[in-house]
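**Q** no sequence on this one, just coordinates:
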DNA sequence: ATATTCTACAACCAAATGGTTGTAGATCAG
DNA sequence: CTGATCTACAACCATTTGGTTGTAGAATAT
């Protein structure tokens, strides 16, 4: 996963409206206007948020009739989780080394 | 964990230089200028990146003589992991429901 | 005492973000 | 066919971001 992709991924999570959209589409299907109805902002603003999530591969859109259905994309989410797990692993290695040093006395 | 804290957390991860700093300080200790020496940008730019990580509770600073030691803060990292784990759980619940529906035929 | 090192912070700049309104193309309903 | 609905996209605006340079203070070294 490239640095640019990670930039987009975490940038996408760095907004409360987008995190809420992620929760919604993880549970069910929403059209763009269905989502727009949930927030106190313009349709275009929500449309932009969905676009940010789409560029981050956290969401996919599929045309159904005149509406565009937004679905959560599990793989994108897993990419972010993997990175944080990697940091966690590095951290634990270090904690392990410190424990070893203490044990060596 | 408040929405504003989550904003700062994920915003902090949304930059390659800051992600690299996180990897470094997860392994060892660095002063601000020690970190600054690693990147092709000004001291002040790196200082700002460290400040962003600090506001996000991903890093702490401790004064030692004339230098400021930057350390990774495990709890901040775990906050981000928890959120992604929560989305993952929601996703799996949904996958479970779909499996149940299919099984009900 | 003086010079050097490390840090902090202000001021500035270009680009990106998060919002708005307005316009226009598809699709569906009556 | 006509009107309503859903979407896309452009243009605009204020604020934030990621970078710069410059100045100044505190701690250390010579």
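**A** Yep, that arrived. Since we're looking at a predicted model, the values are computed, not measured.
**Q** Off-centre distance for the longest helix along chain A?
**A** In chain A, with assignment by DSSP state H, the single longest helix is helix A:74-104. Put simply, helix A:74-104 sits 20 Å off its chain's centre (C-alpha atoms, centre = their mean, to the nearest Å).
**Q** Would you mind checking the average pLDDT for it?
**A** Averaged across helix A:74-104, pLDDT comes to 88.
**Q** got the angle between it and helix B:74-103?
**A** With axes from the mean of the first three to the mean of the last three C-alpha atoms, to 10 degrees as the basis, helix A:74-104 and helix B:74-103 are set at 140 degrees to each other.
**Q** helices or strands next to helix A:74-104 in the packing?
**A** Packing partners of helix A:74-104 (3 or more C-beta pairs under 8 Å, 6 or more residues apart in numbering or on different chains; DSSP states H and E): helix A:3-13, helix B:16-27, helix B:74-103. Where you see a C-beta, it was placed from the backbone N, CA and C, and this is true even at glycine.
**Q** Report how many residues lie close to residue A:76.
**A** 22 (other C-beta atoms under 10 Å in any protein chain shown).
**Q** residues contacting it?
**A** Neighbour list for residue A:76: A:9, A:56, A:57, A:58, A:59 [criterion: C-beta atoms under 8 Å, 6 or more residues apart in numbering or on different chains].
**Q** Now the fourth one: closest residue in space, sequence neighbours ignored.
**A** Excluding its sequence neighbours, the residue lying closest to residue A:58 (C-beta to C-beta, 6 or more residues apart in numbering or on different chains) is residue A:76, at 4.1 Å.
**Q** re earlier: pull out the buried residues from the longest helix of chain A.
**A** A:74, A:76, A:77, A:79, A:80, A:81, A:83, A:84, A:87, A:90, A:91, A:94 (16 or more other C-beta atoms under 10 Å in any protein chain shown).
**Q** separation between the fourth one and residue B:93?
**A** In other words, residue A:79. To residue B:93, residue A:79 is 21 Å away according to C-beta to C-beta, to the nearest Å.
**Q** cool, and the second one?
**A** The gap separating residue A:76 from residue B:93 is 18 Å, by C-beta to C-beta.
**Q** And the last one, by the same measure?
**A** From residue A:94 across to residue B:93, the span is 34 Å (C-beta to C-beta).
**Q** List, one by one, the residues from chain A near DNA strand D.
**A** Residues of chain A found near DNA strand D (C-beta under 7 Å from any atom of the strand) are A:31-34, A:36, A:43-44, A:47, A:50, A:61, A:66-69.
**Q** Put the buried members of those into a PyMOL selection.
**A** Those of those that count as buried under 16+ other C-beta under 10 Å are selected in PyMOL with:
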select buried, chain A and resi 31+32+34+36+50+61+68+69
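**Q** Now, the residues of chain A next to DNA strand D that are in helices?
**A** Filtering the residues of chain A next to DNA strand D for helices - DSSP H - leaves A:32, A:33, A:34, A:36, A:43, A:44, A:47, A:50.
**Q** The fifth one touches residue A:33, doesn't it?
**A** Yes. With contact defined as C-beta atoms under 8 Å, residue A:43 and residue A:33 form a contacting pair (6.5 Å).
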